[in-house]
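*Asks:* 3D, please:
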Amino acid sequence: MLEPRQDGKKRVLWPWAYAAFVLAVALLRSLSELQHYLARGGEHAWEPFLWELSSAALTGPLSVLVYHWHVAGIGAPLLRQVRRHAGGALLYMLAHVGGMFGIRFAVYALMQVDYDAGTVWSVLGYEAGKDFIGYTLTVAICHGLFHMQQSARLRAELAEARLARLTEQVQPHFLFNTLNLISSVMYEDVKKADRLLCRLADLLRSALAAQQQGWHSLQQELTLIEPYLELMQARFGDRLQVHWRIEPQAQAWSVPSLLLLNPVENAIKHDVALSRGTVSLRLEAGLIGDGKQLRICVHNSGVVAERLEREGGLGLANLRQRLQAAYGAGASMQIGPAADGGTALELLLPARGAA
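*Replies:* All right, here's what the predicted structure looks like:
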């Protein structure tokens, strides 16, 4: 699936985005300082850039360290955190001032320009106040970022837990309906009923594995649906005709496990089982919107939409809730009369994580 690679790309891009942000801020400050420098009669236009960039070269990495330093101390007693940050502020100031003026002295020597920074105590006195404020603001920002990340993680875990709970409801629902269908065969053909029960056991094992996985590809979802349809075809014979229209590029799309079991089961329970004639069940899947959405359609030729919506309420309600838990407002489900007759249930799904 594509999601892990996308998450990996995000992790790789974040340091570069942060470095670009720090550099952009330093350049803007340099341009501002350049105006004052030239107004004072400065002779070397590169000096303001050196001053600001040398500071940013230290504050950028140090802010990352401050974040980890702060996070490592969260949860400790307040007095211990105060002592921890008092030491952290002192180390921050010494590292910032030492590194910043080290860069400046090196560049001035390379450019063969005199640089009078003042005495050590005057430099520390000037920089200490700014660094203390900078350290305090950095800690406050880091604290906010940490709790934002924790909140996002908890929301994601809650959504996954809700999705898992809804998925657990799928198996009993279709299991009871399938057992009811099989029970009608037992008095007619015991051997056939036995074969159907064995096939159902295989299907349940596959469904349990899919449920534990949470998400899988559309191809895996269809592979899970196939045994169920084979079981139903064995039950209904030629009365159930199944057709597949699956675009190859759609098969790798990630979907919640057991997503299609309820729609397919509803179409069979409320159409084939109640019809004396032949019913066609068609499964379609393809990408739309320049490949940004997956369209899945479950089309059955017999039952009208009103009856399917009314009698399949539990399964359809579960499906709506699962879409909401997995995608938020990013996914949609529509059920209604199909253009070529019968009823069509259409799902439009974004890429995982697009909600």
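*Asks:* Would you double-check that A344 falls in a strand?
*Replies:* Yes - assignment of A344 by DSSP: H, G, I helix; E, B strand; the rest coil places it within a strand.
*Asks:* Could you give the bridge partners of it?
*Replies:* H299, G336 (DSSP bridges).
*Asks:* mind checking how far it is from I103?
*Replies:* Counting by Cβ to Cβ, to the nearest Å, the gap between A344 and I103 amounts to 67 Å. The way it works is simple: take the backbone N, C-alpha and C, and place the C-beta from them, glycine included.
*Asks:* L38 now?
*Replies:* For L38, the distance to I103 - Cβ to Cβ - is 22 Å.
*Asks:* quick one: buried residues of the longest strand seen in the chain?
*Replies:* Identified as the longest strand of the chain according to DSSP state E is strand 279-288. By neighbour count on 16 or more other Cβ atoms under 10 Å, the buried set for strand 279-288 is 279-286.
*Asks:* returning to what we had before: neighbour-wise, which of L38 and I103 wins?
*Replies:* Ranked by neighbour count (other Cβ atoms under 10 Å), L38 and I103 place I103 first, with 17 against 12.
*Asks:* What segments of the stretch 201-350 of the chain are strands?
*Replies:* Using DSSP state E, counting those that start in this stretch, the strands of the stretch 201-350 of the chain run over residues 215-217, 240-246, 254-256, 279-288, 293-300, 332-337, 343-350.
*Asks:* got CSV for the buried residues of strand 279-288, with distance to V64 too?
*Replies:* Converted to CSV, these look like this (distance: Cβ to Cβ, whole Å):
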residue, distance to V64
V279, 62
S280, 60
L281, 56
R282, 55
L283, 50
E284, 49
A285, 44
G286, 44
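*Asks:* can you put those residues in TSV and add pLDDT and distance to G88?
*Replies:* Output for these, formatted as TSV (pLDDT from 0 to 100; distance: Cβ to Cβ, whole Å):
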residue	pLDDT	distance to G88
V279	82	71
S280	86	70
L281	88	65
R282	90	65
L283	92	60
E284	92	60
A285	93	55
G286	93	56
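*Asks:* Can you spell out which helices and strands pack onto the longest strand of the chain?
*Replies:* helix 218-236, strand 240-246, helix 261-269, strand 293-300 (3 or more Cβ pairs under 8 Å, 6 or more residues apart in numbering; DSSP states H and E).
*Asks:* what about K192, how many residues close to it?
*Replies:* K192 - counted by other Cβ under 10 Å - has 14 other residues nearby.
*Asks:* thinking it is in contact with V185, fair?
*Replies:* Yes - K192 is within contact range of V185, at 5.7 Å (criterion: Cβ atoms under 8 Å).
*Asks:* My guess is L231 contacts R199. True?
*Replies:* Yes - with contact defined as Cβ under 8 Å, L231 counts as touching R199 (4.8 Å).
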